[in-house]
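>>> Prediction below, plus the sequence it came from.
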Amino acid sequence: MSVQIRDIHGHKVHSEEDAKEGVYYLEYSIQIEEAKVFFDQAKVKGSVQFEDSKGHNYTLLYKEDNTYWVYKRVADSSDWF
């Protein structure tokens with residue numbers, strides 16, 4: 001897979017193709033102030049998990065080079081009965 005790099009609200013964000021909907025969510029689906037909370041928390045804690053409006057799960061990871069990565073998380077099948 002190829003890595004995509006975007007500037008989202010002043011943050012350099014990397015992602016692979018499978019996380020493009022999560023990137024879109026951070027950039028266009030929520031207000032800038034809401035996205036800022038995710039970026040701030042990822043910077044403080046190292047990562048933050050979020051869910052888009054379609055119920056897909058993602059992780060926003062902060063790297064020491066002041067960049068962010070969005071990864072798609074796969075649902076844990078052990079949660080099903």
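Received it, and whenever you're ready, just let me know what you need. Everything quoted here is computed from the prediction, not taken from an experiment.
>>> Flag the shaky bits of the protein, pLDDT-wise.
1, 75-81 (pLDDT under 70).
>>> which residues of it fall in helices?
20-24, 32-45 (DSSP state H).
>>> Show me the one of those that comes nearest V13.
helix 20-24 (6.2 Å; CB to CB). C-beta: built from backbone N, CA, C; applies to glycine.
>>> Tell me which residues of the closest one come out buried.
For helix 20-24, the neighbour count (16 or more other CB atoms under 10 Å) marks E21, G22, V23 as buried.
>>> counting contacts, what elements does it pack onto?
Contact analysis of helix 20-24 by 3 or more CB pairs under 8 Å, 6 or more residues apart in numbering; DSSP states H and E lists strand 3-8, strand 11-16, strand 68-73 as its packing neighbours.
>>> between the helices of the chain, which one is nearest to Y62?
Evaluated over the helices of the chain, closeness to Y62 peaks at helix 32-45, with 4.3 Å, by CB to CB.
>>> still on that earlier bit, out of the buried residues of helix 20-24, which one sits closest to R73?
Taking CB to CB as the measure, R73 sits nearest to G22 out of the buried residues of helix 20-24, at 9.3 Å.
>>> Is the closest one in contact with V48, as I believe?
No. G22 lies out of contact with V48 (CB atoms under 8 Å); the separation is 11.6 Å.
>>> where's E21 relative to D65, distance?
25 Å (CB to CB, to the nearest Å).
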